[in-house]
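[1] can't give you the sequence, but here's the structure:
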């Protein structure tokens, strides 16, 4: 949870520097879990055919999705910086079929060891 809070609270709109794989994947995991929890009223409302509950569920999901949109893009850009790639590589994900796979591969690939043009190595203490 501390990795999720690091991205959302401490680096909300930070597109500079580098992010470790662990930071990205822990953010993605907790983001997925929170989205699942927020979908519960929507699912229950759909099962009970309750429009009010559906409306509440959709509202919760939309508000949360908009709230984490900027930090989500920021952590991906910082993850790309860790591999010494420009943040503009994020646009590769918009290429149908191949783009998402390529971006996934970039997210699981280890970053460059040592400092690069985007900053110091976030794993420098662990590599010693």
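    Received, thanks. Quick caveat, the model's predicted, so the values are computed rather than measured.

[2] how far does the helix or strand hosting residue 100 sit from the chain's center?
    Assigning secondary structure by DSSP states H and E places residue 100 in helix 98-108. Put simply, helix 98-108 sits 13 Å off its chain's centre (CA atoms, centre = their mean, to the nearest Å).

[3] so which bits of that helix are buried?
    103, 106-107 (16 or more other CB atoms under 10 Å). To be clear about C-beta, it is placed using only N, CA and C from the backbone, and glycine gets the same treatment.

[4] how about the helices in the chain?
    In the chain, the helices defined using DSSP state H lie at 2-5, 21-48, 51-67, 69-82, 98-108, 124-127.

[5] winner for burial among the ones you listed?
    Most buried of the helices of the chain, by mean neighbour count (mean count of other CB atoms under 10 Å): helix 69-82, with a mean of 21.

[6] where does the protein dip in pLDDT?
    Along the chain, segments meeting pLDDT under 70 span 126-128.

[7] my guess is residue 122 contacts residue 82. True?
    Yes - between residue 122 and residue 82 there is a contact under CB atoms under 8 Å: 6.9 Å.

[8] for these two, list the residues in contact with both.
    By CB atoms under 8 Å, 6 or more residues apart in numbering, residue 122 and residue 82 have these common neighbours: 18-20, 111.
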